[in-house]
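> Model the structure of this input:
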Amino acid sequence: MHHARVVPVSITGGLINGPTQWAIVLPVKALTGAKTRLLPADDPARPELALAFLRDVLSALSDSEAVAQVTVVTDDADVQQVAVEANHLWALESPHRGL
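Sure thing, here's the model as predicted:
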């Protein structure tokens, strides 16, 4: 069995001697395919539920002193907008990669 060893590094790549801060990469699938186990596929509330979950997660990450940066990876324009509104970065997912 292999055990992972976490070595804290700064977002500039140097080893950290003080409190650890993390750069978070958060993959978020398109809203049309989100939360399918919670609500039926044709339920119009499903995308809003997914956005509410996303806003909660981004808020918690923003409030954490251990998080230096958050990048949301998605190809959904509404998800990108939520990331921007929360003052986080976003990166475009290659289409149809299956997050």
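> Distance-wise, check Arg61 relative to Ile24.
One correction, residue 61 is Leu, not Arg. Distance of Leu61 to Ile24, given as C-beta to C-beta, to the nearest Å: 6 Å. Yep, even glycine has a C-beta here, placed from its N, CA and C like the rest.
> correction: Ala41
29 Å.
> Which one's more surrounded, the two?
Ile24 (16 against 9; other C-beta atoms under 10 Å).
> Regarding that one, which helix or strand does it belong to?
strand 22-27 (DSSP states H and E).
> Could you list the buried residues of that strand?
22, 24, 26 (16 or more other C-beta atoms under 10 Å).
> List of residues touching it?
11, 57-58, 61, 66-74, 93, 99 (C-beta atoms under 8 Å, 6 or more residues apart in numbering).
> Over to stretch 64-74?
With contact meaning C-beta under 8 Å, 6+ apart, stretch 64-74 is reached by 10-11, 19-30, 54, 58, 61-62, 79-80, 82-83, 86, 88-93, 99.
> Which members of these occur in strands, if any?
When DSSP state E is applied, the contacts of stretch 64-74 are split such that 22-27, 89-92 fall in strands.
> Skip ahead from the lengthiest helix in the chain and say which helix or strand is next.
Under DSSP state H, the helix in the chain containing the largest number of residues is helix 45-63. The C-terminal neighbour of helix 45-63 among helices and strands, as given by DSSP H and E, is strand 67-74.
> Adjacent strands (with direction) for that following strand?
Using DSSP bridges, strand 67-74 pairs in its sheet with strand 22-27 (parallel), strand 89-92 (parallel).
> Quick check: pLDDT value at the residue nearest in space to the middle of the chain.
Nearest to the geometric centre of the chain sits Leu26, at 2.4 Å (C-alpha atoms, centre = their mean). Predicted confidence (pLDDT) for Leu26: 95.
> is it in a bridge, and if so with what?
Bridge pairing for Leu26 - DSSP bridges - gives Val72.
> Could you check how far it is from Ala86?
Distance check for Leu26 against Ala86: by C-beta to C-beta, it reads 11 Å.
> Name the residues contacting each of the two.
Residues touching both Leu26 and Ala86 (C-beta under 8 Å, 6+ apart): 58, 70.
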